[in-house]
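> Sharing a model that was predicted from the sequence below.
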Amino acid sequence: MTAVERLVVILGPTATGKSALATHLAQRLGGEILACDSTQIYRRFDIGTAKVSPHAREGIPHHLVDLAEPEDVFTAGDYRRRAIEVLNELRRRGKIPILTAGTGLYLRALLEGLADAPARSEELRAHLRERAETRGAQYLHRLLRRLDPESASRIAPRDAQKLIRAVEIRVLARKPIAEVYGAGREPLEGWHAVKIGLLPPRDALYARINERVEAMIAAGWLNEACALAASGSSRRAKPFQFIGYSDLLEVIEGRATIDAAIKHIQQATRQFAKRQITWFRREPGIHWLSGFGDDPAIAAAALKLLNS
């Protein structure tokens, strides 16, 4: 029988300092970091997805970033397979894996396994994609809200790709998505997850989000978006739907001002953080810490928890 090893999971909404805390713990525990973020798997989408820069990694290896090209289809199942490969390698080298989780679905796929969801239907997808293009992604969100209100509450109204998959599953399975994903799972074996959640006061979190968006713009996010738009990548590619990129494309095309874009990105990010909080509050076994991961007091509390 395989020995059970410890898997440290740092989770919470965006801008709570998960990466800073993970780096702190990795330095003291002899660990390496695994990103659990559905936006950071795409190459060249860096600033807007808050990837940790090589300098900020402080020599700690980071895994599961830059795995796919913008046009690639990358699923939760793909993430689980790649993550298990990394976990096996870290086990072999005697390193503690420290997972920074912002995407609840990816975390659930890794820890609990994947349900036997219906296979992709290209015909249905093409139909839904055409509806999204003519009526907007919000049309798909309204459709999903009628079919499966609980699932609709977890998906951003403008996230066409997730909405298409959600409607596809609901239509083909003929039952709510929660029922689909609640059956037929194979949990991760050989690992015991210790989950540490970061949940600072809401006002402080929103202020941090607003500041971070402005810092991203100052760091060259608009130039990054401009380079991506000129690279030949399809505007339909999933990463262009990530928070902020479509807003910055409107600025580049002269259809919006940078100030208006910043305000909209801040608002969308705050709304995203609320959805993350809702998701993670349903996650069992979390040790919640009321602060940011770059706070020395929070870092000390997390380390104490792991050493107890």
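Okay, I see it.

> When you work out contacts or count neighbours from here on, use the C-alpha atoms and nothing else.
Will do.

> State the mean pLDDT of the helix or strand residue 273 falls within.
Per DSSP states H and E: residue 273 is located in helix 258-280. For helix 258-280, mean pLDDT is 97.

> cool, stretch 138-149 as well?
Per-residue scores along stretch 138-149 average to 94.

> which residues make contact with it from outside it?
128, 131-132, 151-153, 156-158, 160, 163-164, 166-167, 170, 176-177 (C-alpha atoms under 8 Å, 6 or more residues apart in numbering).

> Could you tell me which of those residues are located in helices?
In helices, defined here by DSSP state H, the members of the contacts of stretch 138-149 are 128, 131-132, 151-152, 160, 163-164, 166-167, 170, 177.

> residue ranges of the helices in the stretch 101-250 of the chain, please?
104-112, 122-135, 137-147, 149-152, 160-173, 177-181, 202-218, 221-230, 245-252 (DSSP state H, counting those that start in this stretch).

> mind checking which of those is nearest residue 308?
helix 104-112 (22.8 Å; C-alpha to C-alpha).

> quick check: angle from that closest one to helix 258-280?
If you take axes from the mean of the first three to the mean of the last three C-alpha atoms, to 10 degrees, helix 104-112 sits at 30 degrees to helix 258-280.

> other SSEs contacting the helix or strand bottoming out on mean pLDDT in the chain?
When the helices and strands of the chain are scored by mean pLDDT, DSSP states H and E, helix 177-181 comes last with a mean of 81. The helices and strands touching helix 177-181, judged by 3 or more C-alpha pairs under 8 Å, 6 or more residues apart in numbering; DSSP states H and E, are helix 160-173.

> Would you mind splitting the protein into its domains for me?
With domains defined by automatic domain parsing, the chain comprises 5-114+185-307, 122-181.

> so how far is the first one off the chain centroid?
This means domain 5-114+185-307. Here the centre of domain 5-114+185-307 is set off from its chain's centre by 5 Å, with C-alpha atoms, centre = their mean, to the nearest Å.

> repeat for stretch 121-133
24 Å.

> Contacts for it, please.
Contact partners of stretch 121-133, identified using C-alpha under 8 Å, 6+ apart, comprise 137-140, 160, 164-165, 168.

> Of these - the most surrounded one?
With neighbours taken as other C-alpha atoms under 10 Å, the top of the contacts of stretch 121-133 is residue 140, carrying 26 neighbours.

> Against residue 74, how distant is that residue?
To residue 74, residue 140 is 21 Å away according to C-alpha to C-alpha, to the nearest Å.
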